[in-house]
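In: Can you look at this prediction? I've put the sequence above it.
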Amino acid sequence: MSDYFNKRSLLAMMAVRNEAERYLKPVLDRLSTYVDGIVILDDASTDGTPDLCRAHPKVIRFERLTTPLFVQNEAALRRKLWDLTVEAAPTWVLALDADEVLETRAVAELPHLLAQTRCDLITFPVYHFWGDLRHYRVDHWWHPSRGRTACLHRYQPNRSYHWPSRALHSGRFPQEAYLTPRLSSSVRLLHFGYADRTTHRAKYQRYLTLDPQGNYCPLVHYRSILDSHPQLKSWVGENMEALLWK
């Protein structure tokens, strides 16, 4: 395996809030197979999330806010998480949410992505599992080919980084990261946030409350969360249920 995994050069960063009873433990376990350490900023969780994070052997830094920040200003939360992470002087930063994992072959592919010198920003196609862990959505904005997400960035310690003045959907990295050459990876990013159909209406209401005028995302996109007949495709790949509930 690449020497990158022996130099603590790949750090993951993650913002969390009340994730203890969802996917956090298996997500951290999966991350542990291909990162050198994990930095977590807790957005004032009221459940067992802090204890879970502090106990995990790959979490090298954990901080908990006393007042939720995401609902006020997502960019401010992301900026604080970024600052905590780059204090450890990583070469690369992987930004994932608590309900996301990269598919298994990331272990073999990441060394190649980290070793290349042409691009500093890596994007991945997002597969949104919908209603269960056996199907993903393929219509409109939810199709993987239209939903690439930039999750991996080569940190430049001499560069000045700034965050956009957006209260929501601010991106995972500072603005300067998105101006660097990018590479499109075929490794699939698996998102479980919509796998439980009973949470869809609550997610829709949350976005509508935070962005009632659709200033940060088209309202029609928010409304598509409640589509009663979304177009789904059967997942072909590793067994997600086995990964998450083993």
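Out: Cool, the structure landed. Numbering: from 1, shown residues only.

In: which ones are touching the residue nearest to the spatial centre of the chain?
Out: Residue closest to the average C-alpha location in the chain (Cα atoms, centre = their mean): Leu96, at 2.4 Å. Residues near Leu96 by Cβ atoms under 8 Å, 6 or more residues apart in numbering: Ala12, Met14, Val27, Leu31, Leu102, Cys151. In this view, the C-beta of every residue, glycine as well, is placed from N, C-alpha and C.

In: Who are the contact partners of the closest residue to Leu243 other than its chain neighbours?
Out: Leaving out its chain neighbours, the residue that sits closest to Leu243 by Cβ to Cβ, 6 or more residues apart in numbering is Pro26, at 6.0 Å. Residues in contact with Pro26 (Cβ under 8 Å, 6+ apart) are Val101, Leu243, Leu244, Trp245, Lys246.

In: was I right about the first one contacting Leu28?
Out: No. The pair formed by Val101 and Leu28 falls short of the contact definition of Cβ atoms under 8 Å, at 9.8 Å.

In: For Glu63, see how far away Pro57 is.
Out: 18 Å (Cβ to Cβ, to the nearest Å).

In: ok, the two, which is more surrounded?
Out: Per other Cβ atoms under 10 Å, whichever of Pro57 and Glu63 has more neighbours is Glu63, with 13 against 10.

In: who does the helix or strand where the more buried one lies pair up with?
Out: Glu63 belongs to strand 59-64 when assigned by DSSP states H and E. Applying DSSP bridges, strand 59-64 is found paired with strand 37-42 (parallel).

In: Could I have the CA atoms of the next helix-or-strand element following the strand it pairs with written out in CSV?
Out: Next along the chain after strand 37-42, taking DSSP H and E as the criterion, comes helix 49-55. Extracted C-alpha coordinates of helix 49-55, given in CSV (Å, rounded to 0.1, in the frame of the first residue of the first chain):
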residue,chain,number,x,y,z
THR,A,49,-22.7,11.0,19.8
PRO,A,50,-19.8,12.6,21.8
ASP,A,51,-19.1,9.4,23.7
LEU,A,52,-19.1,7.4,20.5
CYS,A,53,-16.7,9.8,18.8
ARG,A,54,-14.3,10.1,21.7
ALA,A,55,-14.1,6.3,22.1
